[in-house]
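Colleague: need a structure here:
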Amino acid sequence: MASILAYDLGAGSGRALLGRLTDRNMVTEELHRFPNDPVQAGGRLYWDILRLLHEMKAALLKAKIKGDIPVSFAIDSWAVDFGLLGADGELLGNPYHYRDSHTDGLMEKLFASIPRSYIFARTGIQFLPFNTIYQLAAMKQANSPLLREARRFLMIPDLLRYFLTGETINEFSNATTTQLFNPLAGGWDTELLERIGISASLFGHVAKPGDSAGQLLPSVAAELGIGQLPVIAAAEHDTGSAVVAVPASERSFAYLSCGTWSLMGTEVPQPVLSEQALELNFTNEGGAYGTYRLLKNIMGLWILQETKREWERDGRTYSYEEMLASAERAPAFAAWIDPDDPRFLAPGGMTERIAAYCRETGQRSPEGTGAVVRCILESLALKYRYVLEKTERLSGQSFGGLHMVGGGIHNTLLCRWTAAAIGKPVWAGPAEGSAIGNLAVQWIARGDFSDIWEARSVIRDSFPVVTYEPARREAWEDAYGRFQSLAGLA
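Modeller: Coordinates of the predicted model:
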């Protein structure tokens with residue numbers, strides 16, 4: 001069967017995967033992988049958006065050279081970030097990185113004029129300081145000339161798709177993450193936009209996962225020497241695509257999309273907009289095929305990744321295998337952090353921030369590579385249990401275990417400790433969840449699968465899933481009680 005192509009762009013790297021169906025079995029092939037490094041310039045942190053476009057074109061050239069040009073492609077990426085187009089259709093400046101400091105304090109400042117409860121009731125989205133609403137409010141406050149000249153707002157997959165197709169389409173799963181989309185009204189919240197002083201005319205038609213999203217521009221097709229390939233809108237928020245790929249057999253399931261960020265939740269038919277959801281700061285992001293993702297963002301393996309980068313800058317280079325082996329040898333339950341403490345959001349100085357958190361909470365700071373890594377991974381596993389329990393309470397469901405997808409499942413220590421912390425099995429796989437979910441939406445759109453559940457059944461049969469059973473239940477139960485008290489979660 002002909003190949004299709006998924007572009008999956010993460011906060012640290014991007015990849016292009018070819019997918020084929022053979023006898024009801026999915027086969028994937030990594031065509032191209034490339035770094036996605038932010039760029040510091042003029043005191044700001046940006047995405048190198050044109051480098052990403054270049055790498056996407058390079059993937060299509062590789063497909064042409066190997067004689068396997070796909071019959072369609074789709075794009076997914078991280079959420080919240082965006083580009084602005086001017087009246088002539090040109091990109092106005094480089095998109096800001098969500099970890100840039102220009103939104104510092106904007107969320108709290110906005111609450112002085114627009115209450116949290118009002119925003120949540122209209123959007124159902126978790127309050128995070130880098131959400132699109134606060135990025136736009138920061139630009140408005142700074143009287144940004146880019147915002148004054150802007151005529152169209154496009155999120156990262158929208159923008160890259162625009163460069164390739166010329167179509168200015170917004171996509172549903174990513175649009176909902178902006179905290180500017182009203183799920184009850186089914187469109188952009190014009191009243192909320194007016195209250196922050198942003199013109200609703202910037203925001204366009206919202207496509208659903210599986211919709212047609214244009215085809216390669218003649219100029220791009222000529223540049224690459226290929227035909228005008230059709231483009232399909234995937235669930236363009238990478239977590240939305242990852243959830244499509246969860247190989248669940250039951251309609252009620254919990255997932256953890258694990259990578260730079262950890263996103264834990266479940267699928268629900270309607271957003272949960274209760275007072276309790278607001279209090280617990282959960283989110284309701286758009287999913288594929290009439291679903292919403294009731295979930296919570298957890299800081300994730302970013303803390304470990306940034307710690308590794310810090311050590312490398314100091315001349316101490318460790319592989320992840322060495323770091324995990326060292327962590328397993330370190331004493332258990334010696335120190336913890338709350339991974340979602342705001343101090344861990346920005347890059348740089350991560351080990352000192354961990355040490356400061358421990359000192360402030362009456363703990364001995366971890367010393368040595370293994371102790372630091374163990375502190376991070378145990379803290380993540382314990383925070384996963386907390387969020388899983390709250391997900392059960394908000395959704396009214398009880399889960400028999402946890403599906404883990406994404407690159408984080410290669411961290412077998414985290415998988416083991418997560419099973420131990422939650423006291424339930426962890427089913428880990430597939431690792432390339434976002435790209436596989438992206439492919440699945442394309443196959444559904446093309447008529448190869450009847451619906452998402454048929455796709456999940458084939459995913460389940462096509463990719464290995466490793467089961468981790470809980471161990472040392474009593475020790476982890478005691479640790480969880482102490483962790484909740486220390487982190488102020490009890």
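Colleague: right, and the helix or strand after the helix or strand harbouring G370?
Modeller: Per DSSP states H and E, G370 falls inside helix 369-395. Where DSSP H and E defines the elements, the next helix or strand beyond helix 369-395 is strand 402-405.
Colleague: neighbours of E322, how many?
Modeller: 13 (other C-beta atoms under 10 Å). All C-beta spots, glycine's among them, are computed from the backbone N, C-alpha and C.
Colleague: no, scratch that, I was asking about E310
Modeller: 16.
Colleague: where does it land in three-state SS?
Modeller: Judged by DSSP: H, G, I helix; E, B strand; the rest coil, the three-state class of E310 is helix.
Colleague: pretty sure it is touching G348, no?
Modeller: Yes. Using C-beta atoms under 8 Å, E310 makes contact with G348 at a distance of 7.3 Å.
Colleague: quick one: the helices in the stretch 301-450 of the chain?
Modeller: Ranges of helices within the stretch 301-450 of the chain are 302-313, 320-329, 350-360, 369-395, 412-422, 433-445, based on DSSP state H, counting those that start in this stretch.
Colleague: what's in contact with the next helix or strand after the last one?
Modeller: Read it as helix 433-445. The C-terminal neighbour of helix 433-445 among helices and strands, as given by DSSP H and E, is helix 452-462. Helix 452-462 is contacted from outside by 21, 24-27, 244-249, 288-289, 430, 436, 440, 443-444, 449, using C-beta atoms under 8 Å, 6 or more residues apart in numbering.
Colleague: ok, stretch 369-381 next?
Modeller: 262, 298, 300-301, 303-304, 307, 311, 316, 318, 323-324, 326-339, 351, 354, 358, 366, 411, 413-414, 417-418, 420-422, 479, 483.
Colleague: now, of the residues you listed, which are buried?
Modeller: Taking 16 or more other C-beta atoms under 10 Å as the criterion, what is buried in the contacts of stretch 369-381 is 262, 298, 300-301, 303-304, 307, 311, 318, 323-324, 326-327, 330, 334-339, 351, 354, 358, 366, 411, 413-414, 417-418, 420-422, 479, 483.
Colleague: give me the neighbour count for the nearest residue to M26 once chain neighbours are set aside.
Modeller: Spatially, and ignoring its direct neighbours in sequence, M26 is nearest to S462 (4.0 Å; C-beta to C-beta, 6 or more residues apart in numbering). S462: 17 surrounding residues under other C-beta under 10 Å.
Colleague: likewise for E236?
Modeller: 33.
Colleague: contact partners for it?
Modeller: Going by C-beta under 8 Å, 6+ apart, the list of residues near E236 reads 74-77, 155, 157-158, 171, 173-174, 209.
Colleague: and these, which is closest to Q215?
Modeller: Comparing the contacts of E236 against Q215 with C-beta to C-beta places A74 closest, at 12.4 Å.
Colleague: how close does the spatially closest residue to G349 that is not a sequence neighbour sit to P339?
Modeller: Nearest non-adjacent residue to G349, counting by C-beta to C-beta, 6+ apart: E310, 7.2 Å away. From E310 across to P339, the span is 16 Å (C-beta to C-beta, to the nearest Å).
Colleague: also E55?
Modeller: From E55 to P339 the distance is 30 Å (C-beta to C-beta).
Colleague: just I125 next, same as before
Modeller: Applying C-beta to C-beta to I125 and P339 gives a distance of 20 Å.
Colleague: for S219, grab the count of nearby residues.
Modeller: Based on other C-beta under 10 Å, the number of other residues close to S219 is 9.
Colleague: so what touches the helix or strand containing it?
Modeller: Assessed by DSSP H and E, S219 sits inside helix 218-224. Identification of contacts with helix 218-224 by C-beta under 8 Å, 6+ apart yields 57, 60-61, 64, 163-164, 216, 227-229.
Colleague: show me how far it is from its chain's centre.
Modeller: Offset of helix 218-224 from its chain centre (C-alpha atoms, centre = their mean, to the nearest Å): 31 Å.
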